[in-house]
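>>> Build me a model:
(chains A and B)
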There are 2 protein chains.
Amino acid sequence: MAHVHSDGTERRILNSARRLFAEKGYEKTSVQDILNDLHLSKGGLYHHFTSKEAILDRLNADEWAVTARLLDALIRRTDMSALEKLRTLIISAVDDPEHLDLVRSQLALLKDPAFFTANMRFWSAKLPESFRSLIDMGVQDGSIPTPYPEEAAQLLALLCNYWLMPCFYPTGRDGMEHRIRCLAAMLDAIGVPVFDEALASRAVKGLMALMPDEGQSASA
Amino acid sequence: MAHVHSDGTERRILNSARRLFAEKGYEKTSVQDILNDLHLSKGGLYHHFTSKEAILDRLNADEWAVTARLLDALIRRTDMSALEKLRTLIISAVDDPEHLDLVRSQLALLKDPAFFTANMRFWSAKLPESFRSLIDMGVQDGSIPTPYPEEAAQLLALLCNYWLMPCFYPTGRDGMEHRIRCLAAMLDAIGVPVFDEALASRAVKGLMALMPDEGQSASA
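Residues are numbered from 1 along each chain as shown, chains lettered A, B, ... in the order given. Below is the predicted model:
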């Protein structure tokens, strides 16, 4: 019943869950693991979250809020082109170890039809809007000279989150480099030259880091 | 128990289900509707199919068998290039009224996570193999000069079955024409010039026919 320090407890639960999910995977982490980690009672956790699913939903919502804030900040900047802003947005997804940990921790969960379907819906409906705002700016400032702003936004969201992902389309490091070169050539052809050499190599590194074995052997 | 004429009954059940699914949609058709249509007893149907789902699975398997036979026949032909074979395969999907009826009848079902996930798995794992065999022939005969045969096979399967579908990415006829021009430009850029003007306009027509209202208003 005590509501004192509730924000502190909530934050501690989220931090512990994030770390345990990353270490053990979402599915192998139990609510009890989180309670043990924090020396917390069941009631102390259920006061904040109704289930393990609710904790993951909150972690993903927080992650999305970070991206949305980055997007807002990028949109307001005047010292870079829209194309550079779009690159920065994509780099934030493939280059942030904490973000990669969160994605990696729920890869097994993506085999669950309900979770997979919810993700696909997000990638087809909501995520393209974020890309679209930057692409429209790029059409204006000339850095993204595409006749296909809506299509490019949909394809960036779909292909970067689904087709590039080695959990859906398994491949090794060479295959991933080849796949990203293919995506770069297609996006260049519709006036969206976002995958330059630098972004391509960071994307390969980030995507391969999602496969624990491949990532380690490739960086060795 | 009588096994006499079982093939005949099975065929009649499949034909009736196919027609009723197309008329009413899969979800609004009951097993009882099929029984009424055929003046058949419950036992007579359940002798052949354990459920309505099993009937739909069989219709889809039969449809896939037709495509696989067409693919085999195309592979053996010597009077056309691999590029023309690939076009013929795609046309068979967007131009056959019976195939479009079957797809249309289960559009609502694609909202079901289990059914959607099973379809996405088929499009990412099995379907690319069919495209891949023709693309490899096209690399050989020079009609599909792509450095990205595997990527092109995956993208054709994913984009034609998911991204182009107005049930997943809603759009009108103009939007669909624009989307297919975008796809054509991207595929051209990676050496897969499969969407010429003729295929593009047939694809628009077939895809828009999947949306009952749009299809009718557009063809008026």
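>>> surely A:Glu177 meets A:Arg202?
No: the criterion here is CB atoms under 8 Å, and A:Glu177 misses it with A:Arg202 at 11.9 Å. Quick note: C-beta positions are derived from backbone N, CA and C, even for glycine.
>>> need the contact list for A:Ala22.
By CB atoms under 8 Å, 6 or more residues apart in numbering or on different chains, the contact set of A:Ala22 is A:101-102, A:104-105.
>>> Just say helix, strand or coil for A:Val204.
Under DSSP: H, G, I helix; E, B strand; the rest coil, A:Val204 falls in the helix class.
>>> correct me, but it touches A:Asp174?
No: judged on CB under 8 Å, A:Val204 makes no contact with A:Asp174 at a distance of 9.5 Å.
>>> thinking again about what came up before, which of the contacts of A:Ala22 has the most neighbours?
Highest neighbour count within the contacts of A:Ala22, by other CB atoms under 10 Å in any protein chain shown: A:Ser105, with 24 neighbours.
>>> what's the neighbour count on A:Leu70?
Counted with other CB under 10 Å, A:Leu70 comes out at 16.
>>> From B:Gly175, how far off is it?
A:Leu70 sits 29 Å away from B:Gly175 when distances are taken as CB to CB, to the nearest Å.
>>> can you check A:Ala184 too?
Using CB to CB, one gets 25 Å for the distance from A:Ala184 to B:Gly175.
>>> Give me the more crowded residue out of those two.
A count of neighbours by other CB under 10 Å puts A:Ala184 above the other of A:Ala184 and B:Gly175, at 20 against 17.
>>> ok, now which ones touch the more buried one?
Residues A:193, A:195-196, A:200 are the ones in contact with A:Ala184 under the rule CB under 8 Å, 6+ apart.
>>> Sort out for me which of those are in helices.
Counting by DSSP state H, the contacts of A:Ala184 place A:Ala200 in helices.
>>> which of the contacts of A:Ala184 lies closest to chain B?
Taking CB to the nearest CB as the measure, chain B lies nearest A:Pro193 of those, at 11.9 Å.
>>> Give me the residue at the spatial middle of chain A.
The structure's chain A has its C-alpha centroid closest to A:Ala93; by CA atoms, centre = their mean the separation is 5.1 Å.
>>> Need phi/psi at A:Tyr162.
Dihedral pair for A:Tyr162: phi -120, psi -60, per degrees, to the nearest 10.
>>> Chain neighbours aside, what residue packs nearest to it?
Leaving out its chain neighbours, the residue that sits closest to A:Tyr162 by CB to CB, 6 or more residues apart in numbering or on different chains is A:Phe168, at 5.8 Å.
>>> what's near enough to touch that neighbour?
A:110, A:162, B:124.
>>> So which of those residues wins on neighbours?
Counting by other CB under 10 Å, A:Tyr162 has the largest number of neighbours within the contacts of A:Phe168, with 21 neighbours.
>>> If we look just around chain B, which residues of chain A are in range?
A:113-114, A:116-118, A:120, A:124, A:148, A:150-152, A:154-155, A:158, A:162-163, A:168-169, A:175, A:178-179, A:181-182, A:185-190 (CB under 8 Å from any CB of the partner chain).
>>> Tell me which of those residues fall in helices.
Reading helices off the residues of chain A next to chain B with DSSP H, I get A:113-114, A:116-118, A:120, A:150-152, A:154-155, A:158, A:175, A:178-179, A:181-182, A:185-189.
>>> are any of those buried, and which?
For those, a burial check counting by 16 or more other CB atoms under 10 Å in any protein chain shown picks out A:113, A:116-117, A:120, A:150-152, A:154-155, A:158, A:175, A:178-179, A:181-182, A:185-187, A:189.
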